[in-house]
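Trainee: Got a predicted structure plus its sequence, pasted below:
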Amino acid sequence: MKTTSLLDSVRVVKDNEKKAAEFYADAAEQTGSAAGRELFRELMKFENYHYHWLTVLEKSLKENGSTISYEGREFSLPPVLEPQAAEEPRHQTVLGIISRAMELEKQAEKAYADLSAEITDPHGRAMFRKLSAEENNHFHILQEASWSLENMKVWKWHP
């Protein structure tokens, strides 16, 4: 990601997080299973959480030119459902949504990794590394959900 400043970069990734949250909110509505809705809603919460902390970082950079400390967030455990409740009636549609979501997560992971390599401030570098790792975790959760839907016709994943 090449932009003119860290502040410009933060604004770009912040906008990406907002779009990702909207994508997951829409995906939750299109999913026919409670487990699928739960996964997409959890991902939406994560993207909103990232958006919030990027807004805090943006404000700090504008006001005093400094980065912030970012603690990160844990992915909650998947719901426990009976096998028949986990079936996905919109199998192919949802696999397409998951595929697109995986692309978005990989792009976000790379954007944060690139930012962490460009910044010299230790708090800023740590924040972007954590964000990159969280996006990588989202990718793997989605990858597992995709495999499970494709091969077992049920929603299954773990954080």
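Mentor: Thanks, I have it.
Trainee: Quick one: residues in contact with the helix or strand encompassing residue 8.
Mentor: In this assignment (DSSP states H and E), residue 8 forms part of helix 6-30. Applying Cβ atoms under 8 Å, 6 or more residues apart in numbering, the external contacts of helix 6-30 come out as 1, 3, 36-37, 40-41, 43-44, 47-48, 50-51, 54-55, 57-58, 61-62, 90, 93-94, 97, 100-101, 104, 107-108, 111-112, 115, 118-119, 124. The way it works is simple: take the backbone N, C-alpha and C, and place the C-beta from them, glycine included.
Trainee: Show me which of the residues you listed are buried.
Mentor: With burial judged by 16 or more other Cβ atoms under 10 Å, the buried subset of the contacts of helix 6-30 is 36-37, 40, 43-44, 47-48, 50-51, 54, 57-58, 61, 94, 97, 101, 104, 108, 111-112, 115, 119, 124.
Trainee: I'd like to know which of those residues are part of strands.
Mentor: Using DSSP state E, no member of the buried ones among the contacts of helix 6-30 sits in strands.
Trainee: Show me those residues that map onto helices.
Mentor: Among the buried ones among the contacts of helix 6-30, the ones falling in helices (DSSP state H) are 36-37, 40, 43-44, 47-48, 50-51, 54, 57-58, 61, 94, 97, 101, 104, 108, 111-112, 115, 124.
Trainee: could you measure residue 140 against residue 36, distance?
Mentor: Per Cβ to Cβ, to the nearest Å, residue 140 is found 17 Å from residue 36.
Trainee: Could you do residue 61 as well?
Mentor: For residue 61 relative to residue 36 (Cβ to Cβ), the value is 37 Å.
Trainee: Make sure I have this right: residue 73 is in a helix.
Mentor: No - membership of residue 73 in a helix is not supported by DSSP: H, G, I helix; E, B strand; the rest coil, which gives coil.
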